[in-house]
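Colleague: missing the sequence, but the structure's below:
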């Protein structure tokens, strides 16, 4: 029986899974050599073994070795309130997330981010893209939490400057801090710097332009939420005379460094601007299901060649359920109307959860594929379960049948981060106990406004009055 001791990548490791997931699909009779945190060789088992006669291959029968999943849009410091948003109408960031995150000190932000990172690893994500925290003390705390859990993180620094129009000193202070942040994390092995503006209306035209220029010059990502809610689109039209994505284009901020979260409410013109810009999109199907105003046509994005990945938006950190939601949402909102029964045939969603998602996150040269020279970010999946017997189409089965309890091991940068759902190097249950107390304190003191009560209270309110 396989044990974590056999997977110690502090030494060279030659793995021979029954199945290996490559960009062209699952392959058999393959092997990978993991050395110094990277895939040093990927090829036929006989060839890789012959090249390393001193290494005994570790046979992994009924196992799939696949790239770790990429969450192209999340909020790591929102874990304390993740169950407070159920049933809420749109723009919950105004009533829940901003008030809650603003209360988090450095310790609370660290714990919230560490809990989110643990959930993400348990859900098969080896890379997450964090859109930025509203905690003033939280940025370094999030970076520390990512390193301590061992997850790869594209970390956004928020550069909002609404209200600073004409304040040259204030504007310069934000831009200097942004440049310093990009330089400080330039060579970090796990935390990749990014700049963010919460939504276009939260910044001046100049800030939008300059932040996008900084990220393009440095080869990093500029993150913003765009065209997610009808209210935001209409506010932008009233205040600026343009829809949010049009505003980015007019400011020179819609460039190849941009990673746009949601982009669900797009006109044909905006779709054309997006296609021509080289910008990437984070498609968040669960967010659309739970609190959005529309669903992005991801199939159309793929046809137009717009880079996109799948994102959780902090809803639930479960990569396999995310792929299932992506396909199901596309089918229900677009496929039914035109008789498209396959909506990507499974491979579309797997690709955009792995290597295409890594490209959208700006990390295509770092992770997302099982390929020589890339970081050894991967999952070992147990296929010896009833849902995969018999197996006829492994790729589509992963999208529709796979479950996170099949994830036997999670590796990031060649290190074993989780074994059967739990970290071998630190005490996750102690973290959970600590979070339970601190989260209750911070949520209770935050000026959160909820429209819907908790389930039991809501049920009681809906109960018809007793007969007299």
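Modeller: Received, thanks. Fair warning: this is a prediction, and the values are worked out from it, not measured in the lab.
Colleague: on the three-state scheme, the most centrally placed residue in the chain is what?
Modeller: Nearest to the mean C-alpha position of the chain, by CA atoms, centre = their mean, lies residue 71 at 1.9 Å. Secondary structure, DSSP: H, G, I helix; E, B strand; the rest coil: residue 71 is strand.
Colleague: check contacts around it.
Modeller: 120, 125, 127-129, 309-312, 317, 319, 322, 357 (CB atoms under 8 Å, 6 or more residues apart in numbering). For the C-beta atoms, the positions are set from N, CA and C on the backbone; glycine is no exception.
Colleague: which members of these are positioned in strands?
Modeller: Of these, the ones assigned to strands by DSSP state E are 125, 127-129, 309-310.
Colleague: follow-up on the earlier one: just the closest of the contacts of residue 71 to residue 233, please.
Modeller: Distance ranking of the contacts of residue 71 against residue 233, using CB to CB, places residue 311 first at 19.6 Å.
Colleague: out of everything not next to it in sequence, what's closest to residue 69?
Modeller: Leaving out its chain neighbours, the residue that sits closest to residue 69 by CB to CB, 6 or more residues apart in numbering is residue 319, at 3.7 Å.
Colleague: poorly predicted segments of the stretch 101-250 of the chain, please.
Modeller: Judged by pLDDT under 70, the stretch 101-250 of the chain has no weakly predicted residues.
Colleague: would you map the helices across it?
Modeller: Read by DSSP state H, counting those that start in this stretch, the stretch 101-250 of the chain holds these helices, from start to end of the chain: 106-122, 138-149, 168-184, 205-218, 230-240, 244-251.
Colleague: just the stretch 301-450 of the chain next, same as before
Modeller: 319-330, 336-338, 347-353, 355-360, 394-400, 428-445.
Colleague: of the helices of the stretch 101-250 of the chain, which approaches residue 54 most closely?
Modeller: Comparison of the helices of the stretch 101-250 of the chain against residue 54 by CB to CB identifies helix 106-122 as nearest, at 31.9 Å.
Colleague: distance from the chain centre to that closest one, please.
Modeller: From the chain centre to the centre of helix 106-122 is a distance of 14 Å (CA atoms, centre = their mean, to the nearest Å).
Colleague: kindly report the same for stretch 67-81.
Modeller: Relative to the centre of its chain, stretch 67-81 is centred 5 Å away, using CA atoms, centre = their mean.
Colleague: what mean pLDDT does stretch 445-459 get?
Modeller: The average pLDDT within stretch 445-459 is 85.
Colleague: now stretch 282-289
Modeller: Per-residue scores along stretch 282-289 average to 96.
Colleague: point out the most buried one among the helices of the stretch 301-450 of the chain.
Modeller: Ranked by mean neighbour count, the helices of the stretch 301-450 of the chain are led by helix 355-360 with a mean of 26 (mean count of other CB atoms under 10 Å).
Colleague: rewinding a little: want to throw the ones in strands among the contacts of residue 71 into TSV with distance to residue 374 and neighbour count?
Modeller: Output for these, formatted as TSV (distance: CB to CB, whole Å; neighbours: other CB atoms under 10 Å):
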residue	distance to residue 374	neighbour count
125	17	30
127	12	29
128	18	31
129	18	32
309	16	30
310	19	29
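Colleague: care to break this structure down by domain?
Modeller: If you go by automatic domain parsing, the domain ranges for the chain are 4-67+369-419, 69-360.
Colleague: got a markdown table for the ones you listed, with distance to residue 427 too?
Modeller: Listed next are these as a markdown table, based on distance: least, CB to CB, whole Å:
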| stretch | distance to residue 427 |
| --- | --- |
| domain 4-67+369-419 | 13 |
| domain 69-360 | 11 |
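Colleague: looking at these, which is nearest to residue 457?
Modeller: Comparing the domains of the chain by CB to CB, domain 69-360 comes nearest, at 11.7 Å.
Colleague: gap between the two ends of that closest one?
Modeller: End-to-end distance of domain 69-360 (CA to CA, to the nearest Å): 13 Å.
Colleague: closest one to residue 339 among the helices of the stretch 101-250 of the chain?
Modeller: With respect to residue 339, and counting by CB to CB, the nearest of the helices of the stretch 101-250 of the chain is helix 230-240 at 28.5 Å.
Colleague: buried stuff in that closest one?
Modeller: If you call a residue buried by 16 or more other CB atoms under 10 Å, then helix 230-240 has these buried ones: 232-233, 236, 240.
Colleague: list just the nearest of the residues you listed to residue 91.
Modeller: Nearest member of these to residue 91, counting by CB to CB, is residue 232, at 7.1 Å.
Colleague: residue contacts, the residue nearest to that closest one when sequence neighbours are not counted?
Modeller: Distances taken as CB to CB, 6+ apart place residue 199 nearest to residue 232, at 6.0 Å, with adjacent residues excluded. With contact taken as CB under 8 Å, 6+ apart, residue 199 is in contact with 224-226, 228, 232, 244.
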